[in-house]
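# Structure of the sequence below:
(one chain, ligands or ions: 2)
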Amino acid sequence: MKKTDYLKWDEYFMGIALLSTERSKDPSTSVGACIVSEDNKILSVGYNGMPLGCSDDEFPWEREGSNLDTKYFYVCHAEFNAILNYTGTNMKGAKVYTTLFPCNECTKAIIQKGIAEIIYMCDKYASTDAVIAAKRMLDASGVKYRQYQPIGKDITLSL
Ligand SMILES: Nc1nc(=O)n([C@H]2C[C@H](O)[C@@H](COP(=O)(O)O)O2)cc1CO
Ligand SMILES: [Zn+2]
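Numbers count the residues shown, from 1 in each chain. Ligands and ions are numbered 1, 2, ... in the order given. Okay, the predicted model is just below:
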C-alpha cells in the first residue's frame, strides 16, 4: 500500500516558499515565493533581498529613519524576485505561493504576468493601504487569492 503522509501540492509548494525564506537577510521579515504552472511544475522561486551588486552588508536593513537610510527603497520583494527569476515565457494561469500577502507593486506584476491565483500564508499587513489596494486590483482583474491552510506538520531538514 502506498505511503499516505506525503505532501499534497499546496504543502509542497508552500514548503518551498518557506524554505526560500531561509535565504533572506532581512532581520525582521523573511519572505519566500514559489511560482507554479497550472499543471504543478515549479517555474520560479524568490525571496526578499537587495538587488544584484547592492551589498547586503552596505545597504540598510533598518525599518525606521529616512527613505535613504531604511530598506524599503532598495529591497526586492520575494514575489518580484520570483517573477524576475523566471526564464521562461509563459506564466498564464500560474499560481504564486507566498509566505506573505503581496504588496500593491508586486500585485501589478502578478496581474500583468497572467498569474491566476495567489496562495498566501500570512497577511500581517492586511490593514495597510498597500494590501487594500492590492486586493482591489486583484478583485477587479479576477485574480483569485486564498490563505494557505496549515496542516500542523513539522519537517526537520538536516543540512
Ligand atoms: N509581500 C511582501 N513581500 C516581501 O518580500 N516583503 C519584504 C520587504 C521587506 O524586506 C520585508 C518587510 O519588512 P518589514 O516592514 O516587515 O520589516 O519583506 C514585504 C512584503 C509585504 O507586502
Ligand atoms: Zn511587493
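
# which residues in this structure form helices?
With DSSP state H as the criterion, the chain has helices at 9-21, 78-85, 104-112, 129-141.

# buried set for the shortest one?
Translated: helix 78-85. Of all the residues in helix 78-85, those buried under the rule 16 or more other Cβ atoms under 10 Å are 78-83. C-beta here means a position set from N, CA and C on the backbone, and glycine is covered the same way.

# what's the closest of these to ligand 1?
Nearest to ligand 1 out of the buried residues of helix 78-85 is A78 (Cβ to the nearest ligand atom; 3.9 Å).

# For that closest one, report the pLDDT, please.
pLDDT for A78: 99.

# Please apply the same query to I110.
So, for I110, pLDDT stands at 98.

# Show me which residues of the chain are close to ligand 2?
Residues of the chain lying close to ligand 2 (Cβ under 5 Å from the ion) are 77, 103, 106.

# about what we covered before: tell me which of the helices of the chain sits most buried.
helix 78-85 (a mean of 23; mean count of other Cβ atoms under 10 Å).

# That one near ligand 1 anywhere?
Yes - counting by Cβ under 6 Å from any ligand atom, ligand 1 has neighbours in helix 78-85: 78-79.
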